[in-house]
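Student: Sequence and computational prediction follow.
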Amino acid sequence: MNTETGTLRQIALSGLWSDNPGLVQLLGLCPLLAVSNTVENGLALGFATAVVLTATNCLVSAARGWIRHELRLPAFVLIIAAFVTVVQMLFEAYAFELHLSLGIFIPLIVTNCAILARAEVFASRQPLLPSLIDGLAHGAGFAGVLVVLGGARELLSSGGLQLAGAPPGAFIGLALIIALRNWITARRTNAAGT
Amino acid sequence: MSDRIRGIVSLTILAIAAAALLAYTNEATRDRIDANKLMLLQQGLRDVLPAQQYDNRPHEDVIYVASPELLGSEQSLPIYRARYNGKPVAAAITAVAPDGYVGHIKLLVAVDMSGRIIAARAVEHSETPGLGDAIDANKSSWMTLFSGRRLASNDGEDWRVRRDGGDIDQITGATVTSRAVVNATRDALHYFARHRDEIFEPASQEVATSN
């Protein structure tokens, strides 16, 4: 029992920190860089991505027994596309302003390889509960990076640093966040070593 | 063999389940989405038509016309008519630029009775974020370049982007987008010039909110 909760904790930590899709795996960078110009956009796209990722993980895990191995990719893509379309319609109906400002990036969640990667690497081999945790953690990890980057860029560009709001600011900002994460990890490893 | 059939069956079941989920969501959200689109349309019309100069409801005073060569689409597109005391004031023409950098660009071009553009807006497009999407009024003021322009008859305006020798600044890094929008806007003016009186004649047709 204890080891099981331990594993679940490890799964959660991996998505949020040690294997974060935006900072370590560097998956889904296109939407990450493009939509991180404000906190609001970042949060909305991060939330939408997390919902799709979690729902996909759960369904893939539940269906893993009867999806044939050779057919798994079309099946995953079908599942992801269906959830993305549902999310898109919900945004269009209940968050129309966000629908307008996120535009093409909501449908483009289909192509976010972070989602396909979790389905393939994790959910298709694991039971429902770990897959649910994995989906939530990786979704939250991705959304977290979007929000932090979006917040930093919005703050700096409204404070007069226009570069931060422009496209190059996204690359520089993400690089700084990755560097910060690596620095923290390195310090921890050193501290553990000595 | 039976394995293969099992595979086909499982994918088919999955596809049917996905279709059912989408149909249900579509049904559940359609009314709200239509209402949102109508609100957006009214907003768009308020943006391009000067509020004091008409007293009807242009979004309900609509005709649909098809002109592949001047409005850029085989399909019938709406023209919204603004009137004051029943007299025609302006028309907001929907025009399509079929040759955007990423597919079609849908424009709303408001023209007054003298054939002068009041304002033009891009209402639907998928142009590249950061470059071509400068045609979006939320992103840049580029579309205001069209306000006040007419067809180049006597005042020597040249409806081409600078790159092609005209006098309209193209969007930096998005010449294809700029060219497409300039051409479509000019063609919408041609359409207005040729059909001005017919546009205001017929009674309003039923409003189709979803596209």
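Tutor: Great, that's in hand.
Student: switch to C-alpha atoms for all contacts and neighbour counts from now on
Tutor: Fine.
Student: In contact with the residue nearest the centre of chain A: list those residues for me.
Tutor: Centroid-nearest residue in chain A, with C-alpha atoms, centre = their mean: residue A:142, separated by 3.0 Å. Contact analysis of residue A:142 by C-alpha atoms under 8 Å, 6 or more residues apart in numbering or on different chains lists A:16, A:20, A:21, A:22, A:46, A:50.
Student: Spell out the secondary structure type for the residue of chain A found nearest chain B.
Tutor: In chain A, the residue that lies nearest chain B is residue A:93 (4.6 Å; C-alpha to the nearest C-alpha). When classified by DSSP: H, G, I helix; E, B strand; the rest coil, residue A:93 comes out as helix.
Student: Give me the distance between it and residue B:59.
Tutor: Taking C-alpha to C-alpha, to the nearest Å as the measure, residue A:93 falls 21 Å from residue B:59.
Student: how about the residue nearest to residue B:161 when sequence neighbours are not counted, phi and psi?
Tutor: The shortest distance from residue B:161 to any non-neighbouring residue, by C-alpha to C-alpha, 6 or more residues apart in numbering or on different chains, is to residue B:168 (4.5 Å). When quoted as degrees, to the nearest 10, the phi and psi of residue B:168 stand at phi -110, psi 120.
Student: what's the following helix or strand after the longest helix along chain B?
Tutor: Scanning chain B for the longest helix, with DSSP state H as the assignment, gives helix B:2-48. Counting by DSSP states H and E, the element after helix B:2-48 in chain order, helix or strand, is strand B:62-65.
Student: in terms of contact count, name the helices or strands touching that following strand.
Tutor: Secondary structure elements in contact with strand B:62-65, counted by 3 or more C-alpha pairs under 8 Å, 6 or more residues apart in numbering or on different chains; DSSP states H and E, are strand B:77-84.
Student: same thing but at 10 Å, please
Tutor: strand B:77-84, strand B:87-100, helix B:175-200 (3 or more C-alpha pairs under 10 Å, 6 or more residues apart in numbering or on different chains; DSSP states H and E).
Student: per-residue pLDDT, the residue nearest to residue B:161?
Tutor: pLDDT recorded at residue B:168 is 88.
Student: same thing with residue A:169?
Tutor: 91.
Student: helix or strand for it, which one?
Tutor: Going by DSSP H and E, residue A:169 is in helix A:167-193.
Student: Return the distance of stretch B:170-189 from the chain's centre.
Tutor: 13 Å (C-alpha atoms, centre = their mean, to the nearest Å).
Student: wait, does that stretch contact chain A?
Tutor: No. Using C-alpha under 10 Å from any C-alpha of the partner chain, stretch B:170-189 stays clear of chain A, coming no nearer than 13.7 Å.
Student: Near residue 147, how many other residues are there?
Tutor: Let's take chain A. 26 (other C-alpha atoms under 10 Å in any protein chain shown).
Student: my bad, the chain I had in mind was chain B
Tutor: Neighbour tally, residue B:147, other C-alpha under 10 Å: 17.
Student: got a list of what it touches?
Tutor: Contacts for residue B:147 (C-alpha atoms under 10 Å, 6 or more residues apart in numbering or on different chains) come out as B:48, B:109, B:110, B:111, B:116, B:117, B:118, B:119, B:120, B:121.
Student: Tell me which residues touch the residue lying closest to it once chain neighbours are set aside, please.
Tutor: Closest residue in space to residue B:147, ignoring its immediate chain neighbours: residue B:119 at 4.7 Å, by C-alpha to C-alpha, 6+ apart. For residue B:119, the contacting residues are B:45, B:47-50, B:92, B:108-112, B:143-149, by C-alpha under 10 Å, 6+ apart.
Student: Residue B:41 against residue B:78, yeah?
Tutor: No. If you go by C-alpha atoms under 10 Å, residue B:41 and residue B:78 don't touch, sitting 11.3 Å apart.
Student: More neighbours: these two, which one.
Tutor: residue B:78 (22 against 16).
Student: Which residue is the nearest non-sequential neighbour of residue B:177?
Tutor: Distances taken as C-alpha to C-alpha, 6+ apart place residue B:100 nearest to residue B:177, at 5.1 Å, with adjacent residues excluded.
Student: Bridge partners for that neighbour, pull those for me.
Tutor: residue B:103 (DSSP bridges).
Student: about what we covered before: show me what counts as buried in the helix holding residue A:169.
Tutor: Within helix A:167-193, the residues that count as buried by 16 or more other C-alpha atoms under 10 Å in any protein chain shown are A:167, A:169, A:170, A:171, A:173, A:174, A:178, A:181.
Student: Based on its surroundings, how many neighbours for the closest residue to chain A within chain B?
Tutor: Proximity to chain A, evaluated over chain B using C-alpha to the nearest C-alpha, is greatest for residue B:33 at 4.6 Å. For residue B:33, the neighbour count with other C-alpha under 10 Å is 22.
Student: So which residues on chain B come close to chain A?
Tutor: Counting by C-alpha under 10 Å from any C-alpha, chain B sits next to chain A at B:3-4, B:6-12, B:14-15, B:17-26, B:28-37, B:40, B:124-130, B:138.
Student: Swap in 6 Å and give it another go.
Tutor: B:18, B:29, B:32, B:33 (C-alpha under 6 Å from any C-alpha of the partner chain).
Student: I figured the residue of chain A closest to chain B was touching residue B:32, is that so?
Tutor: Yes. The criterion here is C-alpha atoms under 6 Å, and residue A:93 meets it with residue B:32 at 5.2 Å.
Student: Among these two, which residue is more densely surrounded?
Tutor: residue A:93 (22 against 16).
Student: Look up how far residue A:42 lies from the more buried one.
Tutor: Taken as C-alpha to C-alpha, the span from residue A:93 to residue A:42 is 19 Å.
Student: before we move on, back to that, just the buried residues out of the contacts of residue B:147, in PyMOL syntax.
Tutor: Filtering the contacts of residue B:147 down to the buried ones (16+ other C-alpha under 10 Å) takes a single PyMOL command:
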select buried, chain B and resi 48+109+110+111+116+117+118+119+120+121
